[in-house]
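Novice: sequence and predicted model, in that order:
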Amino acid sequence: MQGTVDGFSYGLVTPLVAYLMACLGGALGLRCTTRAMLVAHSWRPAWLALGSAAIGSGIWTMHFVAMMGFSVEETPIHYDKPLTYASLGLAMVMVGVGIFIVGYRGASGTALFTGGTITGLGIASMHYLGMAGLRLNGTLQYDTVMVAASVVIGVVAATSALWAAGQVRGFLWSVGASLVMGLAVSGMHYTGMAALTVHLHGAGVTSPGDSPASLLAPMLIGPLAFLCLAAVVVIFDPLMVTGKPDQVRVEHKPGVPADEVTHHPSRRPQLRVGRQQSYHSARTPQNR
């Protein structure tokens, strides 16, 4: 017997909130990746790791917020917690691999293709591993063509997002890129859900059970808290908004003579001239 699947038990509430979660995670991850490309190598791993965790948490949160609206009329749904959290770890790791490739190799050519493919496969793997954590009185079956389409959407979305992280510097452009990324990730999720059919083990009556929202809400507290902390980091770092590189060292700033730092003997005559000119220009008309 085929179960009656409903992916929108709460109407448009869960799709909209899920989309916003995907956009938030994408925006934070893109800004962190952009920031990583503007700093010295010693700080780059930290920003790339933060970006990976933000995107992974955002995608995972988006998936399970959307799953709050998923129900099968004939059977209650439960979730295997180890598999559910494993899907979060998988998303962070695979997204991280793709982001680190682009962060160190650049958002172009082979590096972009490789990083985007790994990240997209990570998004898809997170989705289907999370679905494997469902526990109900039935068997989940998928349409192969629709599954392949969802994977392609995930890869294209990831590649586009990584390209934007490497090319886009303005804050508003990054917001626009995150909106597109959120739409693509949501599209990937609902394409995968459209491929799903549930075959029940028996034609029993509807069994009582907890709602998906009550089961998933406690699991979402941690990732949501992390996204809020990552947002605070982004807000209070001005370079994340301006997209400007770090300031150069003092000895390379215009107007600061290099001789005052290096004391190179060959440049001392030029330094005296510069000081003499500065001294004469600073004299007042009364002292001339």
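Specialist: Perfect, thanks for sending it.
Novice: in contact with residue 17, which residues?
Specialist: Each residue near residue 17 by C-beta atoms under 8 Å, 6 or more residues apart in numbering is listed here: residue 65. Where you see a C-beta, it was placed from the backbone N, CA and C, and this is true even at glycine.
Novice: wasn't it part of a helix?
Specialist: Yes - per DSSP: H, G, I helix; E, B strand; the rest coil, residue 17 lies within a helix segment.
Novice: how near is it to residue 167?
Specialist: 29 Å (C-beta to C-beta, to the nearest Å).
Novice: run the chain-centre distance for stretch 178-185.
Specialist: Its chain's C-alpha centre and that of stretch 178-185 lie 10 Å apart, by C-alpha atoms, centre = their mean, to the nearest Å.
Novice: going along the chain, name the helices of the stretch 151-288 of the chain.
Specialist: 171-194, 212-235, 238-242, 259-262, 268-282 (DSSP state H, counting those that start in this stretch).
Novice: look up how far residue 131 lies from the closest residue to residue 137 other than its chain neighbours.
Specialist: Counting by C-beta to C-beta, 6 or more residues apart in numbering, residue 137 lies nearest to residue 75, which is 4.2 Å off, once chain neighbours are set aside. Distance, residue 75 to residue 131, by C-beta to C-beta: 15 Å.
Novice: neighbour count: the two, which is higher?
Specialist: In this view residue 75 and residue 131 are compared by other C-beta atoms under 10 Å, and residue 75 has more residues nearby, 22 against 18.
Novice: my read is that that one contacts residue 4, right?
Specialist: No - contact between residue 75 and residue 4 fails when scored by C-beta atoms under 8 Å: they sit 9.8 Å apart.
Novice: right, and residue 18 touches residue 65 too?
Specialist: Yes - the criterion here is C-beta under 8 Å, and residue 18 meets it with residue 65 at 4.2 Å.
Novice: and the spatially closest residue to residue 105 that is not a sequence neighbour, what does it touch?
Specialist: The spatial neighbour of residue 105 that comes closest, neighbours along the chain excluded (C-beta to C-beta, 6+ apart), is residue 111 at 3.4 Å. For residue 111, the residues meeting the contact criterion (C-beta under 8 Å, 6+ apart) are 101, 102, 105.
Novice: what does residue 196 give?
Specialist: Contacts of residue 196 by C-beta under 8 Å, 6+ apart are 5, 131, 140, 141, 142.
Novice: buried only: go through the residues you listed for me.
Specialist: 5, 131, 140, 142 (16 or more other C-beta atoms under 10 Å).
Novice: where in the protein is pLDDT low?
Specialist: 40, 168-171, 202-212, 236-288 (pLDDT under 70).
Novice: switch the cut-off to 50
Specialist: The model of the chain has pLDDT under 50 over residues 205-208, 243, 245-264, 266-269, 271-284, 286-288.
Novice: before we move on, the earlier item: same list (the buried ones among the contacts of residue 196) but as CSV, adding distance to residue 48 and secondary structure.
Specialist: Below are the buried ones among the contacts of residue 196 laid out as CSV (distance: C-beta to C-beta, whole Å; DSSP: H, G, I helix; E, B strand; the rest coil):
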residue, distance to residue 48, secondary structure
5, 38, strand
131, 28, helix
140, 35, strand
142, 33, strand
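Novice: what's the closest of those to residue 151?
Specialist: residue 142 (11.3 Å; C-beta to C-beta).
Novice: ok, the closest one to residue 56 distance?
Specialist: Distance from residue 142 to residue 56, by C-beta to C-beta: 23 Å.
Novice: one more: residue 181?
Specialist: 13 Å.
Novice: next, find the distance separating residue 22 from residue 63.
Specialist: Separation of residue 22 from residue 63 (C-beta to C-beta): 9 Å.
Novice: same question, residue 157
Specialist: Residue 157 is 14 Å from residue 63, where distance means C-beta to C-beta.
Novice: centroid residue for this protein?
Specialist: residue 55 (2.1 Å; C-alpha atoms, centre = their mean).
Novice: state the helix or strand in which it lies.
Specialist: helix 44-67 (DSSP states H and E).
Novice: can you name the element that comes right after that helix?
Specialist: Next along from helix 44-67, by DSSP H and E: strand 71-72.
Novice: other SSEs contacting that next one?
Specialist: Here strand 71-72 touches strand 5-6, going by 3 or more C-beta pairs under 8 Å, 6 or more residues apart in numbering; DSSP states H and E.
Novice: for the nearest residue to residue 100 once chain neighbours are set aside, give me its contacts.
Specialist: In space, residue 100 comes closest to residue 48 once its chain neighbours are excluded; the distance is 5.4 Å by C-beta to C-beta, 6+ apart. Residue 48 sits next to 32, 33, 36, 96, 99, 100, 103 when contact means C-beta under 8 Å, 6+ apart.
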